[in-house]
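Asker: sequence and predicted structure below; questions after.
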Amino acid sequence: MKSYLNIRHVALLVVGLVIAATATAERPTIKGSFSKESIEVGDRVDYIIDIEKDRATEIGIPDFDGNPTLEEVKREREAKRRMSSYDTYDEDIFELIEDFPLDTVEVDGRRLHLRKRYTLAVMETGEIPMRPSILYFAKNRDVPDTLYAEDTLRLSVKNYAELDTTLFLKADPTSEQGFGVDKDLASKMLRDEGIHTQKDLPFIFAEVRDYVTYGVIVLIVVSLVIWLVIRYIRAVLSRRVATMKPGPKIPPHVVAIKAFEELKNRKLWQNGKYKQYYTALTDILRSYIAGRWGIGALEMTTEEIIMALREVELPLDERSNLVAIMRTADMVKFAKAEPAAEENEESYTKAYYFVENTKLVEENSIEGKQDVTIDTNIEE
């Protein structure tokens, strides 16, 4: 009997621990903060609530706006219109400027880290306490519980008498500046007229005169510097353009022959690189055809090049040699053919002589032109 009781007690203890652990896991945690610790009355400040909760836990966040109905808004406006001063009407401590959407900062399994941010205008002075709180619904409960943060936030809001404003100035012969702050006038204005929200007060020129003066000076200096730099750059570019002379255009056959020489020195097919060899060989021919006859051979297929060259007057042997080279290259590139050494050399020779026998010969050729070409006697 005693053993049975012990087992029952242990079972109840385990169930209780599981329930307690589940309840603790479901309970959210919150932490709040202000974007500034100290501001002036009427200034804006961001109020931020960080929430960590289980996915299944429902929460309710503070609503500074209150979601008033249209009728409530009309009644409030009518009451304010009839007031002679703020003596009979107290503004709320905070005025909602912007309500940002609830943001998901981090997801860790079932746990969510959420962040809610408000931009508020503070309408009272002094040390304003704020203890962050939210509503949450525990599992299988229809009535919400209020959850508070562990720490109370405190926002320091300066009094109008502490502000540097021309509203409270008076002549003071004892002061080095000749004026000072009339604290009695400031207190009377606060008592009789309430706190004027700074964001609603119009600017006067005296408040921004120095900024405007410095801004105009800086703008003039920057504009002058930019003008001088642009003028200098234009002068430099003009001198360079005047001294630059376009060099003579290299004939396409000279470019092709130099490229043939470089290809021969690379010894591609000798090292089993047939595809690279024939790709380079046909690219040289395509560039030469484009420069020699103005045909867009670089973007054409073999058949399109052959068709385009039918309109060009060519020796019959050279036309046949070109077709043979292009066909062989296509077999290597697309069918992975590996021509014999003699065929590779023959393709090179045919390509070289195709350029030599079809190049454009000018009547007034420059002496020593042959120095830039390779010897036509091609050896292995």
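Answerer: Arrived safely, thanks for sending. Numbers count the residues shown, from 1 in each chain.

Asker: average model confidence for stretch 33-40?
Answerer: In this model, stretch 33-40 carries a mean pLDDT of 87.

Asker: now for the host helix or strand of Asn265, which elements pack on it?
Answerer: Here Asn265 sits within helix 252-266, counting by DSSP states H and E. Judged by 3 or more Cβ pairs under 8 Å, 6 or more residues apart in numbering; DSSP states H and E, helix 252-266 is in contact with helix 274-293, helix 341-358. Heads up, the C-betas are built off the backbone N, CA and C, glycines and all.

Asker: can you dump the C-alpha coordinates of it into CSV?
Answerer: Only the C-alpha atoms of helix 252-266 are listed here, as CSV (Å, rounded to 0.1, in the frame of the first residue of the first chain):
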residue,chain,number,x,y,z
PRO,A,252,42.8,43.2,-91.7
HIS,A,253,45.3,40.9,-93.4
VAL,A,254,48.2,42.2,-91.3
VAL,A,255,46.1,41.5,-88.1
ALA,A,256,45.3,38.1,-89.4
ILE,A,257,48.8,37.1,-90.3
LYS,A,258,50.1,38.2,-86.9
ALA,A,259,47.4,36.1,-85.3
PHE,A,260,48.4,33.1,-87.4
GLU,A,261,51.9,33.4,-86.1
GLU,A,262,50.8,33.6,-82.5
LEU,A,263,48.5,30.6,-83.0
LYS,A,264,51.4,28.6,-84.5
ASN,A,265,53.6,29.3,-81.5
ARG,A,266,51.0,28.1,-79.1
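
Asker: average model confidence for that helix?
Answerer: The average pLDDT for helix 252-266 rounds to 92.

Asker: cool, stretch 125-138 as well?
Answerer: On average, stretch 125-138 scores 81.

Asker: how about stretch 101-109?
Answerer: 89.

Asker: now do the closest residue to Thr328 other than its chain neighbours against Phe260, distance only.
Answerer: Leaving out its chain neighbours, the residue that sits closest to Thr328 by Cβ to Cβ, 6 or more residues apart in numbering is Ser347, at 5.8 Å. For Ser347, the distance to Phe260 equals 11 Å [Cβ to Cβ, to the nearest Å].

Asker: quick one: end-to-end distance for stretch 95-115.
Answerer: End-to-end span of stretch 95-115 (Cα to Cα, to the nearest Å): 20 Å.

Asker: again with stretch 296-303
Answerer: By Cα to Cα, the extent of stretch 296-303 from end to end equals 13 Å.

Asker: ok, how many other residues are close to Lys333?
Answerer: 15 (other Cβ atoms under 10 Å).

Asker: now it: which helix or strand?
Answerer: Under the criterion DSSP H and E, the helix or strand holding Lys333 is helix 316-335.

Asker: what residues does that helix touch?
Answerer: With contact meaning Cβ atoms under 8 Å, 6 or more residues apart in numbering, helix 316-335 is reached by 274-275, 277-279, 281-282, 285, 302, 305-306, 309, 337-339, 343, 347, 350-351, 353-354, 357-358.

Asker: go on, stretch 284-296?
Answerer: 251-253, 255-256, 259-260, 263, 297-298, 300, 305, 308-309, 312, 322, 325-326, 351, 354-355, 358-360.

Asker: mind doing that once more with 7 Å?
Answerer: With contact meaning Cβ atoms under 7 Å, 6 or more residues apart in numbering, stretch 284-296 is reached by 252-253, 256, 259-260, 263, 297-298, 305, 308, 312, 325, 351, 355, 358, 360.

Asker: report the buried residues of the longest helix along the chain.
Answerer: Looking across the chain with DSSP state H, the single longest helix is helix 205-243. The neighbour-count check on helix 205-243 (16 or more other Cβ atoms under 10 Å) flags nothing as buried.

Asker: now Arg131: phi and psi?
Answerer: The phi/psi pair for Arg131 (degrees, to the nearest 10) reads phi -100, psi 110.
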